[in-house]
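> I would like to see how this sequence folds:
(2 chains)
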Amino acid sequence: MLVSDTDQTILSTAVQFSKSCGSKLFVLFVIEPSRISRLASISHQKVKVVYDRTEENGWQLLYLVEDEAVENGVWTSLHLEEGNMLEILKRYIDTYRIDALLIKRKDESKKIFVSSPIPVIGL
Amino acid sequence: MQLKISEYLKSEAIMMEIKAKEKLAAIDELVAHMVKSKLVTDGKELIKALAKRENLESTGIGDGIAIPHARTNAVKDLLLAFARSPQGIDFSSIDGKPSYIIFLIASPENQKSEYIMALAKLSRLLRKHPVREMLRNAKEPAEIMKIIKENEE
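I've put the predicted structure just below:
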């Protein structure tokens, strides 16, 4: 499963990884309200403006991955959720029997590496 | 770039009640309607592109919504179509529930950014519960178009 933020650089790698493993690719974009509030505060913008932009970017990212996946014959499932990232991840891992997480390696993703019950691959 | 999905949905691409009971038949019926309305010239090619995608993913996004979509040169410009199924159709939705509202999106191969943007805008719009309810209760195509125009951002 690819856990996505608004960075597009890892998309092709994730699709190629799934293709080479013959895996199904679940793509998850999580809108974290606490992060939205923080971003709004830092950028002096209204929370709704930041939320709307994040949601639209999220959907665009999901469909970009899907478009590339389809071109490569990789089965995908797109998901956009709102809430706490770790709680949502746990639910997805349990519900969809996810084998591995693919995420962008950065400071904020450390908590996922630490707490995930399944292998996490940093891209 | 600002893209308004209401500008791409024409009243003749709206079916208030679709008869099909399963997803590929629903796509066939909707495309046949678009061909009849002269919105699509190569219906077979469009169906082929949509079916290819349906085989690789679920276009049922949950909450009673399905958005079958494809990039194909079977269409000349970005195109939207709408259909409603009273009994619901199994689009292998992520929540396991049938889809009552079907939006079809097709674009030429070279209009990828508009296509992605249209999909994103439509998905956002349809996450809103009141919009879904209004679309399910609308009585005529003009009402469907008005709901979309007034609620898209």
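> confidence score at the closest residue to chain B within chain A?
At 3.5 Å from chain B, A:Trp59 is the closest residue in chain A, using C-beta to the nearest C-beta. Any C-beta I mention is one placed from the backbone N, CA and C, and that applies to glycine too. At A:Trp59, the pLDDT value in this model is 93.
> Leaving out the residues flanking it, which one is nearest to it?
Distances taken as C-beta to C-beta, 6 or more residues apart in numbering or on different chains place B:Ala120 nearest to A:Trp59, at 3.5 Å, with adjacent residues excluded.
> Mind pulling up the pLDDT for whatever residue of chain B ends up closest to chain A?
Closest residue of chain B to chain A, C-beta to the nearest C-beta: B:Ala120 (3.5 Å). Looking at B:Ala120, its pLDDT stands at 95.
> show me what contacts it?
Shown in contact with B:Ala120 (C-beta atoms under 8 Å, 6 or more residues apart in numbering or on different chains): A:Glu56, A:Trp59, A:Gln60, A:Leu62, A:Tyr63.
> before we move on, the earlier item: the residue of chain A closest to chain B is in what secondary structure piece?
helix A:47-71 (DSSP states H and E).
> just checking, what packs against that helix?
Helix A:47-71 sits against strand A:2-4, helix A:11-21, strand A:25-31, helix A:33-43, strand A:76-82, helix B:43-56, helix B:112-126, with contacts defined as 3 or more C-beta pairs under 8 Å, 6 or more residues apart in numbering or on different chains; DSSP states H and E.
> Run through who's touching it.
Outside helix A:47-71, the residues touching it (C-beta under 8 Å, 6+ apart) are A:2, A:4, A:6, A:8, A:11-12, A:14-15, A:18, A:25, A:27, A:29, A:31, A:36-37, A:39-40, A:43, A:75-76, A:78-80, B:52-53, B:56-57, B:71, B:112, B:115-117, B:119-121, B:123-124, B:127, B:153.
> what about burial for those, which qualify?
When those are checked for burial by 16 or more other C-beta atoms under 10 Å in any protein chain shown, the buried set is A:2, A:4, A:11, A:14-15, A:18, A:25, A:27, A:29, A:31, A:36, A:39-40, A:75-76, A:78-80, B:53, B:56-57, B:71, B:115-117, B:119-121, B:123-124, B:127.
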